[in-house]
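>>> give the three-dimensional model of this entry:
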Amino acid sequence: MDDLARLAELHGIATSYQPAADVTVQVPHATITTVLACLGVPADTPEEIRAAVAEAALEAAVRPLPRTVVHWRGEPLPAAPPGSRVLLEDGGEAPWGPDLPLGVHRLTAEAPEGRTAEATLIVAPDRAPAAPGRTTHGLLVQLYSLLSERSWGMGDLGDLAELARWAGRAHGAGFIQVNPLHAAVPGTPTDPSPYRPSTRRFPDPVHLRIEDVPEYADCPDRTALDELAARGAELRRAVLEKGELIDRDAVWELKRRALELLYVVPRTAGRAAAYAAFRTEQGDPLDRHAAWCAGHAGEDPRERADFHRWLVWLTVEQLAAAQSAAREAGMAVGIVHDLAVGVHPQGSDVAGPRHYAEDISVGAPPDAFNARGQDWGLPPWRPDALAAAGYAPFRDLLRGVFRYAGALRIDHVMGLFRLWWIPRGTPPAEGTYVSHDGEAMLAILVLEAHRAGALVVGEDLGTVEPRVRDALARRGVLGTSVLWFERDWACGGAPLEPEQWRADCLATATTHDLPPTAAKLAGAHVELRDRLGLLARPVEVERAEGEADTAEWLALLDRLGLETKDEESAVRALYGFLLRTPARLVGVWLPDAVGDRRPQNVPGTWDQYPNWRLPIADGSGRPLTLEALTASSRANALLSAVREGVRTRTAPPGARSV
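Numbers count the residues shown, from 1 in each chain. Okay, here's the model as predicted:
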């Protein structure tokens, strides 16, 4: 191993990677030296490289402790020097031993020459909370797309609560999974993608139901509020009746003006005390985010930051109310929130303490689906800075979201272990993997999930290292299994028989990045990608391959006795198939319930397709209100069948299934 490769290894930087078992790709030296520089390690000359290797080797030799130590409760205690002591996160002290309390502590030990070495000590449960019972079914929905007759142009948290009441009470659903509700970067227009937020720590007030803010009833300027509500109704009608796209910026402009009116309404003593407690609890991160929001809006942060702090508080209140509504409706889990893999490079998170790598974005290397690789335009956390901070940014992020979540979906969960870094100006194919301390990241996740009593679902689609999937499963993190991808590749790629599926997963027929099931069955997704110029092969080849893929699945359904005589019954059969797998969670993509054929997002497009701006619609493309959806005979038939399938799945042998 040469000096540069050794230095890269010391800092968790890959010098090669394997896109396939029999293929190894070398990472360009320029990429390695650039990434090292981003981590504060100069490596432009042989002399700098040798000096950096020597410095790292010396530090490792004299440190009696690693920078982070993980102890899984109930498992053997990691080695530590004699006399090591623990400063507990609550301020107390304890001797090093197996009975340490759960938490993130500081481990101290004596180093040579009388110096004291410290390490972050994470004591975590051996597993995250388990899914309730044998099978729980629920809905998957992009919240903005779910407009009720009370919405101001896009779905809101009041709509989420109402959907939860209907799904829980009428159909026994155990959860609703939504898109990331993180705060967006304001702009004209705002980036509509929920996966490129300003911050993952705080939610976006655009999701507020204005009429549910307690100060609404006491606002003296009723005329102004009524006018704004009327304009909100116009935005709703434009989407539902005129076929216009969801206009997040227009919605926020109206809601911001309404919230300005409500902000000056005197608060009751109880409300004032609750807000003060929230401010104290959230501390500097909330203050920084609020000041950033004010400055980004062209306002004086000294005068306007409190308005933006208040908006965060209101949104957290309504998020908690939605979770309460879900649990009151009988949901075993409630709302499953989605944690995006990163943040916008101009967002408030990046403007804070320097935990993010500069001039780097994350993405994916070339693979069978994208020969050029992918650049997501999201700056990564610096593993060294995160570790030096005792993983506080990650802990705070998780605590903030778990506050109102019954479960958390981790987008691209492999990022807990490593991410594909792409230096600015470099093609995605010339990036490299940079590793986190995956054990530490996973321990923090399991610890905070345990404290919240919440499930964790990892989005582990695509290329995943076996060790990563094994580690996630061992610690109780559920995976994600999408029907169309579940094939037995060791035996010719035939559709995977239901009993061969893994149990510890959320199983579904599709996702927001894939065609709705009706579109897949009809081949409409191939025609759409052809119109958008996204096909790498002739449309006839893609069409034939898509038809063959669908035919194989339908043949399996027929062999299992699941009826597929028409589109509606075929959709029902596919979800019935999922209920024959051992999956702990089964998710119904809500647009599938009404035959919607339009994907919410088409990867590889920007302005060629209205990503993240479409309302839920029926099979003809006619937008549906929440009220129309809950009254839909097709939706109720599918969800009733799913509920019956869940019930009979745990019944004695011979009971009927979907």
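>>> could you pull out the helices in the stretch 301-450 of the chain for me?
For the stretch 301-450 of the chain, applying DSSP state H, counting those that start in this stretch gives helices covering 301-328, 348-351, 383-388, 392-402, 438-452.
>>> name the helices or strands packed onto the last one?
Spelled out, that is helix 438-452. With contacts taken as 3 or more Cβ pairs under 8 Å, 6 or more residues apart in numbering; DSSP states H and E, helix 438-452 sits against strand 68-72, strand 103-110, strand 116-124, helix 392-402, strand 455-458, helix 466-474. The way it works is simple: take the backbone N, C-alpha and C, and place the C-beta from them, glycine included.
>>> which one of the helices of the stretch 301-450 of the chain lies nearest to Trp553?
helix 301-328 (32.0 Å; Cβ to Cβ).
>>> who are the packing partners of that closest one?
Counting contacts by 3+ Cβ pairs under 8 Å, 6+ apart, helix 301-328 packs against helix 157-171, helix 248-263, helix 269-296, strand 334-339.
>>> go again using 6 Å as the cut-off
On a contact count with 3 or more Cβ pairs under 6 Å, 6 or more residues apart in numbering; DSSP states H and E, helix 301-328 meets helix 157-171, helix 269-296, strand 334-339.
>>> give me the low-pLDDT residue ranges for this structure?
Applying pLDDT under 70 to the chain flags residues 1, 111-114, 368-369, 650-658.
>>> these two touch, right, Leu574 and Ala509?
Yes: if you go by Cβ atoms under 6 Å, Leu574 and Ala509 touch, sitting 5.1 Å apart.
>>> for Leu626, which of the helices of the stretch 301-450 of the chain is the nearest?
That would be, of these and by Cβ to Cβ, helix 301-328, which comes in at 13.6 Å.
>>> list the buried residues for that closest one?
Neighbour-count burial for helix 301-328 flags 301, 304-319, 321-323, 325-327 (criterion: 16 or more other Cβ atoms under 10 Å).
>>> before we move on, the earlier item: now tabulate the helices of the stretch 301-450 of the chain in TSV and tack on distance to Ala229.
What follows is those, written out as TSV (distance: least, Cβ to Cβ, whole Å):
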stretch	distance to Ala229
helix 301-328	17
helix 348-351	29
helix 383-388	44
helix 392-402	30
helix 438-452	35
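>>> so which of the ones you listed is nearest Arg73?
Here helix 438-452 is closest among the helices of the stretch 301-450 of the chain (Cβ to Cβ), at 9.4 Å.
>>> need the contact partners of that closest one.
For helix 438-452, the external contacting residues (Cβ atoms under 6 Å, 6 or more residues apart in numbering) are 68, 70, 122, 124-125, 128, 391, 394-395, 398-399, 402, 416-417, 456, 475.
>>> buried members of these into PyMOL, please.
Only the buried members of the contacts of helix 438-452 enter the following PyMOL selection, criterion being 16+ other Cβ under 10 Å:
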select buried, resi 68+70+122+124+125+128+391+394+395+398+402+416+417+456+475
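>>> about what we covered before: so which of the helices and strands packed on helix 438-452 is the most packed in?
strand 455-458 (a mean of 28; mean count of other Cβ atoms under 10 Å).
>>> by contact count, what packs against that one?
Here strand 455-458 touches strand 407-410, going by 3+ Cβ pairs under 6 Å, 6+ apart.
>>> what residues are up against the most centrally placed residue in the chain?
Nearest to the mean C-alpha position of the chain, by Cα atoms, centre = their mean, lies Leu339 at 2.8 Å. Contact partners of Leu339, counting by Cβ under 6 Å, 6+ apart, are Leu408, Ile410.
>>> isn't there a strand covering Ala217?
No: read with DSSP: H, G, I helix; E, B strand; the rest coil, Ala217 is helix and lies in no strand.
>>> do you know how far it is from Ile210?
To Ile210, Ala217 is 12 Å away according to Cβ to Cβ, to the nearest Å.
>>> which of those two has more neighbours?
Between Ala217 and Ile210, Ile210 has the larger neighbour count (other Cβ atoms under 10 Å), namely 22 against 10.
>>> once you drop chain neighbours, what's closest to that one?
Nearest residue to Ile210 in three dimensions, chain neighbours excluded: Ala258, at 4.9 Å (Cβ to Cβ, 6 or more residues apart in numbering).
>>> and that neighbour, how many neighbours?
Neighbour tally, Ala258, other Cβ under 10 Å: 25.
>>> try Pro214
A count of nearby residues for Pro214, using other Cβ under 10 Å, gives 14.
>>> now Ser148
Around Ser148 there are 20 other residues, counting by other Cβ under 10 Å.
>>> identify the residues contacting the nearest residue to it once chain neighbours are set aside.
In this structure, Ser148 finds its nearest non-sequential neighbour in Leu626, 3.9 Å apart by Cβ to Cβ, 6+ apart. If you count contacts by Cβ under 6 Å, 6+ apart, Leu626 has them with Leu146, Ser148, Asp159.
>>> what do you get for Ala570?
Residues counted as contacts of Ala570 (Cβ under 6 Å, 6+ apart) are Leu521, Thr564.
>>> give me phi/psi at it?
Taking degrees, to the nearest 10, you get phi -70, psi -40 for the backbone angles of Ala570.
>>> same thing with Val588?
phi -100, psi 120.
>>> thinking again about what came up before, in a markdown table, list the helices and strands packed on helix 438-452 along with distance to Glu499.
Converted to a markdown table, the helices and strands packed on helix 438-452 look like this (distance: least, Cβ to Cβ, whole Å):
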| stretch | distance to Glu499 |
| --- | --- |
| strand 68-72 | 31 |
| strand 103-110 | 41 |
| strand 116-124 | 33 |
| helix 392-402 | 34 |
| strand 455-458 | 22 |
| helix 466-474 | 18 |
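>>> which of these sits closest to Gly431?
Short answer: helix 466-474, nearest of these by Cβ to Cβ, at 18.4 Å.
>>> after the closest one, which helix or strand is next?
Next in sequence after helix 466-474, counting helices and strands by DSSP states H and E, comes strand 479-482.
>>> quick one: the residue nearest to Ile210 from Glu234, how far?
To Glu234, Ala258 is 14 Å away according to Cβ to Cβ.
>>> next: Pro538.
From Pro538 to Glu234 the distance is 45 Å (Cβ to Cβ).
>>> look at the two and report which has more neighbours.
Glu234 (14 against 10).
>>> wait, a strand at the more buried one?
No: counting by three-state DSSP, Glu234 is not part of a strand but helix.
>>> measure it to Asp607 for me?
Distance of Glu234 to Asp607, given as Cβ to Cβ: 25 Å.
>>> then Arg572?
36 Å.
>>> okay, those two: which has more neighbours?
Between Arg572 and Asp607, counted using other Cβ under 10 Å, Arg572 has the larger neighbour count: 26 against 6.
>>> residue contacts, the more buried one?
Arg572 neighbours (Cβ under 6 Å, 6+ apart): Leu638, Ala641.
>>> what's the helix or strand for it?
According to DSSP H and E, Arg572 maps onto helix 567-578.
>>> please identify the buried residues of that helix?
So for helix 567-578, counting by 16+ other Cβ under 10 Å, buried means Ser569, Ala570, Val571, Arg572, Ala573, Leu574, Tyr575, Gly576, Phe577, Leu578.
>>> kindly indicate which of the residues you listed lies nearest His171.
Distance to His171, by Cβ to Cβ, is smallest for Tyr575 among the buried residues of helix 567-578, at 12.3 Å.
>>> what sits against the closest one?
For Tyr575, the contacting residues are Val642, by Cβ under 6 Å, 6+ apart.
>>> how much space separates it from Ala631?
From Tyr575 across to Ala631, the span is 20 Å (Cβ to Cβ).
>>> one more: Glu110?
71 Å.
>>> swap in Val333?
25 Å.
>>> and these two? Which one has more around it.
Val333 (25 against 12).
>>> buried ones in the helix or strand where Ala551 lies?
Per DSSP H and E, Ala551 falls inside helix 539-559. For helix 539-559, the buried set under the neighbour-count rule, 16+ other Cβ under 10 Å, comprises Glu542, Gly546, Asp549, Thr550, Trp553, Leu554, Leu556, Leu557.
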